[in-house]
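Trainee: Got a predicted structure here, sequence first:
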Amino acid sequence: MLVSIRHSVMRAPALRVPPARFFSIAYDAEFGSKLFTGAVADKYLKKHGETAELLSDADWTTKKADKVAAAVMDWGRDNGATVFTHWFQPLGASGVRHGMTGQVQNYMFTFGKDGKPNYKFTAEELLKGETDGSSYPNGGIRATHTAGGYTILDPSSPIFMRGDTIHIPTVFISWTGHALDEKTPLLRAEQALNKAALRLLNALHYHVEGVLSNIGLEQEFFLVPRDAYARRLDLQMTGRTILGKNAPRGQEMCDHYFAPLNQHALECIKAIQEEAFMLGIPLRTRHREVAPNQYEMAPFFGTATTQIDQNIMVMQICEEVAARYGLACLFEEKPFADINGSGKHNNWSLGTACGVNLLNAKQVEKASGSTEIFPVLMSAIVSAVDKHGDLMRSSIASPGNDFRLGACEAPPAIISTYLGDSLTNFLDGYRSGKATAYSPPKKMLSSGCDSVVDFEVPAEDRNRTSPFPYGGHRFEFRAVGSAQNVSFVNTVLCTITAEAFDEFATAIEGGAKPQEVAKKALDEHWKVIYNGNGYDPEWLVEAGKRGVWRIDSGVESINAMSSDKNVALFDKMKVMSKIEVDARRDVSLQHYAGTVEMEALCMVDMVKQQIIPALKEAGIATDGVTKALATVEKGLAGMHAEGDDLKKATLARTLRLETMIEARAVIDATEAECPAHIWPLATYRELLFLDKNQDANGNTV
C-alpha cells in the first residue's frame, strides 16, 4: 500500500487537451500572421506613410525607426499584444536555459492621471535596451562593478508576436563593445563572408550584389510521458538519464524509423507546427527517428540568422506545448543509454542576393556563364575544412556530444569531408588542367515492377558517416548536437570560408590564374577528402597518417577554440577579438563542468534518497552501490577543489565518461534484481514506449 501511494503521489495528473487543428486552405492565411514582415507589416506601415519594403533596408533603423515603432504598436494593439521585449541569445545557454534566450518584458503603456492607459512605444525603445551584463555567463568580460550590457535591434531577423508580447530580435553588447551573445559574432562572420565572396566573385568576373549563408536545420528530440518524467530527478534537472537499466526492447529491430507517429505525440507535434506556422516558421517535415520515442522536425532553407532565431523559438515551443499534452520534450544529445541520441544536422549553403545557390554547379554556370566559378569555390571550401577542422570540432563540442561522436550514430570526431566520387574526380581533373563543366551524373533505377515507372536518382549514394558531406547543392554538418544554439557553428563555417575566399581573391588579383590557385589549395588539402566509411576502424588509422584534425575530447576541442591560429583567424576576419574568443572558451569550459556537476549531484541524490532505501526495503545488499557512489563523490570533491576552468572541465570529463559510467553499471544491476513495485524510478520501459504504455488520455500504464 505504501508503495502504491508513493507512486500515485509522484505521477502527474491526467491531461485532456483538444486535438491540434490541421492547417488547410480555410485558414492558411494565418501562416506568418504573427510575423512583422510582408503583407502583415505592409498593412500597418501604410498607416504611417511607408510600406513593408522599408524593412528590406537596414537603414530604416537610423532614418525611420519612429515609423516602424508606431506601426509595431498598432499591430500589437490590434492583436492583443501590449508588451514588448528585446530577445537575445546569452552565452552558455544550451541545455540549461529555457528557450536559450534572455528577455525583459515591458508594457507599452503607462497610466495617466485619469487612471487610463497611455499607449506609447518609441523608436528608442524599439532599437535599444539595457540590462545587467554581469548576470549572464560572460567569461570575465563583465563584473558586478562593471556590469553594463546593451541590447540592440537586429534588422536581419523579423520582429514577431507570441501571446501578448512583441519579440524584438537583438544582439547583446557590453559597455566595452565586446559581444556577450551568440548572435553578434555570427553577424560579423556573415559580413566577412559577404565581403570576401564578393571580392572573389568579382575577380572571377561574376558580379552580384551580395552573398550570404543559408541553412536548414533538422531538429531531433524525444517525447516521453510527463508522469514518468516527473519520477526522474535526472531528467528534470539535466535532460538525460544518469541511471537506468535497458528495457527488454530497444532499437535493435529498426522498427521505429519513419513508422507512423504515435497518436499522442502526433497531436502534440501538430500543435507545435501550428504555432510555428503562425510565427512564419516553415516547419514542414515531421517523422519518427531511429530510437523509440524519438522524432525529427525540419523547416525549409532560409538565411542563417533568421533560421537560428526560428530554431531557438521552435525548441521553446516544443517544450511548452509538450507539457500541455502530458509529454516532456528532451533535446539533450544522449538522454538514454544504448539507443541513438539526437543531433541537429546543419545543412549549409551559400547564395547570392538574387537567389543563385553558389554550391549548385548548374545554377552558378547558368547565372554567370562560367564553368570555372564552381570548382574554385569548392576548392576554397575544401582548404578551409582542412585548415580549420579543429575549429569545426570546437563548434560542436558539448557534454552530450562527447557521448555521440564516433559511436556509430553520429560522425566521428575526425573532421573530413565527403564529396562523392564524381565531384572528387572532377576536382582531381580540374587540378590536373581540365576545364570542363561539372555535371552531376544521374542514373535510372527500375523497381522490376511493370506498373511502377523507372525513375532517376543521383549517381552518388548517401554517406551518413561523414561529418561534413556534400549533398549536391549544400554541405551537411552532421555532427552538431541537438541541444545546441548553432550560432557558433555557423560563425565558424562563415569565418573559415571567408578567409579561404579572401586568400583566393588576393592570389587571383595578384595575377595568378584561378585554376592554378585552386590546384595549389587542392594539392595541399586533398587529404581532408574522404569518401569511405567514417565508422570503419581503419579510418582512424588512415586519418592519423593523413594528418587530418582529430580531437576526441570535447574539453580539448573547446580549449582549442582559443589557440593562436584561431584567435588570429577571428581577429583577421573582424569576427571576434582575443578577449571575446577567450571568453567563449571559458564559458564553454564552465558549461561543460557545470553540466557534469549537476549530473553527478543528481546521481548522488537519487541513490541516497531513493535507490538505497528501495533496495533495503527489498532486502537487497547495498554495499556495492555505496562503494560505487563513493567514487562519484570523490570525483565531485576533486572538481570542487579545482579552480582552473580547463583542469576542472578535464576532471569533469573523466568523472562523467569513466567514474559515473562504472558506478552506473553497479547501480543498474540492482534494478534488475529489485521488484518492479518497489523500484522508485520511472524505468526505460515506461519512458520509451508511448505506443505500448499509454492509455487513452496519454498516461503511462
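Mentor: Received it, and whenever you're ready, just let me know what you need.

Trainee: and A353, how many neighbours?
Mentor: 12 (other CB atoms under 10 Å). Every C-beta, even on glycine, is put in place using the N, C-alpha and C of the backbone.

Trainee: cool, and the one 4 residues further on?
Mentor: Counted with other CB under 10 Å, residues neighbouring N357 total 18.

Trainee: Can you verify my assumption that it contacts A367?
Mentor: No: N357 lies out of contact with A367 (CB atoms under 8 Å); the separation is 9.5 Å.

Trainee: mind checking how far I173 is from M573?
Mentor: Counting by CB to CB, to the nearest Å, the separation of I173 from M573 is 19 Å.

Trainee: who's more crowded, those two?
Mentor: Taking other CB under 10 Å, I173 and M573 do not tie; M573 has more neighbours (22 against 19).

Trainee: what sits against E190?
Mentor: L212, S213, A304, T305, C494 (CB atoms under 8 Å, 6 or more residues apart in numbering).

Trainee: for it, helix, strand, or coil?
Mentor: Three-state call for E190 (DSSP: H, G, I helix; E, B strand; the rest coil): helix.

Trainee: cool, and T85?
Mentor: Reduced to three states by three-state DSSP, T85 is strand.

Trainee: ok, now N463?
Mentor: Assignment for N463 (three-state DSSP): coil.

Trainee: That one is in contact with P469, isn't it?
Mentor: Yes: counting by CB under 8 Å, N463 sits close enough to P469 to count as a contact (5.2 Å).

Trainee: Common neighbours of the two, please.
Mentor: Common neighbours of N463 and P469 (CB under 8 Å, 6+ apart) are Y418.

Trainee: Three-state assignment for L493, please.
Mentor: Classified using three-state DSSP, L493 is helix.

Trainee: next one: the one 3 residues further on
Mentor: Using three-state DSSP, the structure places I496 in helix.

Trainee: Low-confidence ranges, the stretch 601-701 of the chain, go.
Mentor: Under the criterion pLDDT under 70, the flagged ranges of the stretch 601-701 of the chain are 698, 700.

Trainee: again with the chain
Mentor: For the chain, the stretches flagged by pLDDT under 70 are 1-27, 406-409, 459, 698, 700.

Trainee: Could you pick out the longest helix of it?
Mentor: helix 578-606 (DSSP state H).

Trainee: And it, how far out from the chain middle?
Mentor: Relative to its chain's centre, helix 578-606 lies at 18 Å (CA atoms, centre = their mean, to the nearest Å).

Trainee: Which strands or helices does the helix or strand just after that helix pack on?
Mentor: Remark: after helix 578-606, the chain's next helix or strand is helix 612-618, criterion DSSP states H and E. Here helix 612-618 touches helix 623-641, going by 3 or more CB pairs under 8 Å, 6 or more residues apart in numbering; DSSP states H and E.

Trainee: Output the helix it packs on in PDB, but only the C-alpha positions, please.
Mentor: This file holds the C-alpha atoms of helix 623-641, laid out as PDB (Å, rounded to 0.1, in the frame of the first residue of the first chain):
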ATOM      1  CA  ASP A 623      27.400  -2.400  -0.200                       C
ATOM      2  CA  GLY A 624      28.300  -2.300  -3.800                       C
ATOM      3  CA  VAL A 625      26.100   0.600  -4.600                       C
ATOM      4  CA  THR A 626      27.500   2.600  -1.600                       C
ATOM      5  CA  LYS A 627      31.100   1.900  -2.700                       C
ATOM      6  CA  ALA A 628      30.400   2.900  -6.300                       C
ATOM      7  CA  LEU A 629      28.700   6.100  -5.200                       C
ATOM      8  CA  ALA A 630      31.700   7.000  -3.000                       C
ATOM      9  CA  THR A 631      33.900   7.100  -6.200                       C
ATOM     10  CA  VAL A 632      31.500   9.600  -7.700                       C
ATOM     11  CA  GLU A 633      31.500  11.800  -4.600                       C
ATOM     12  CA  LYS A 634      35.300  11.700  -4.600                       C
ATOM     13  CA  GLY A 635      35.300  12.800  -8.200                       C
ATOM     14  CA  LEU A 636      33.000  15.600  -7.400                       C
ATOM     15  CA  ALA A 637      35.200  16.700  -4.500                       C
ATOM     16  CA  GLY A 638      38.100  16.800  -6.900                       C
ATOM     17  CA  MET A 639      36.200  19.100  -9.200                       C
ATOM     18  CA  HIS A 640      35.100  21.400  -6.400                       C
ATOM     19  CA  ALA A 641      38.700  21.800  -5.300                       C
END
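
Trainee: Which neighbouring elements make contact with that helix?
Mentor: helix 578-606, helix 612-618, helix 645-654, helix 660-673.

Trainee: one more time with 6 Å
Mentor: helix 578-606, helix 645-654, helix 660-673 (3 or more CB pairs under 6 Å, 6 or more residues apart in numbering; DSSP states H and E).

Trainee: Now render these as TSV, adding distance to R188.
Mentor: Listed next are the helices and strands packed on helix 623-641 as TSV, based on distance: least, CB to CB, whole Å:
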stretch	distance to R188
helix 578-606	10
helix 645-654	25
helix 660-673	39
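
Trainee: Could you say which one of those helices comes nearest to T436?
Mentor: T436 lies closest, by CB to CB, to one member of the helices and strands packed on helix 623-641: helix 578-606, at 42.2 Å.

Trainee: which parts of the closest one are buried?
Mentor: Residues of helix 578-606 classed as buried by neighbour count (16 or more other CB atoms under 10 Å): 579-604, 606.

Trainee: okay, the angle between the longest helix of the chain and helix 623-641?
Mentor: 150 degrees (axes from the mean of the first three to the mean of the last three CA atoms, to 10 degrees).

Trainee: Helices of the stretch 151-300 of the chain, start to end?
Mentor: Here the stretch 151-300 of the chain has its helices, by DSSP state H, counting those that start in this stretch, at 183-203, 226-229, 233-238, 263-278.

Trainee: Take the ones you listed and lay them out in JSON lines including distance to A437.
Mentor: Formatted as JSON lines, those follow (distance: least, CB to CB, whole Å):
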{"stretch": "helix 183-203", "distance to A437": "18"}
{"stretch": "helix 226-229", "distance to A437": "55"}
{"stretch": "helix 233-238", "distance to A437": "52"}
{"stretch": "helix 263-278", "distance to A437": "40"}
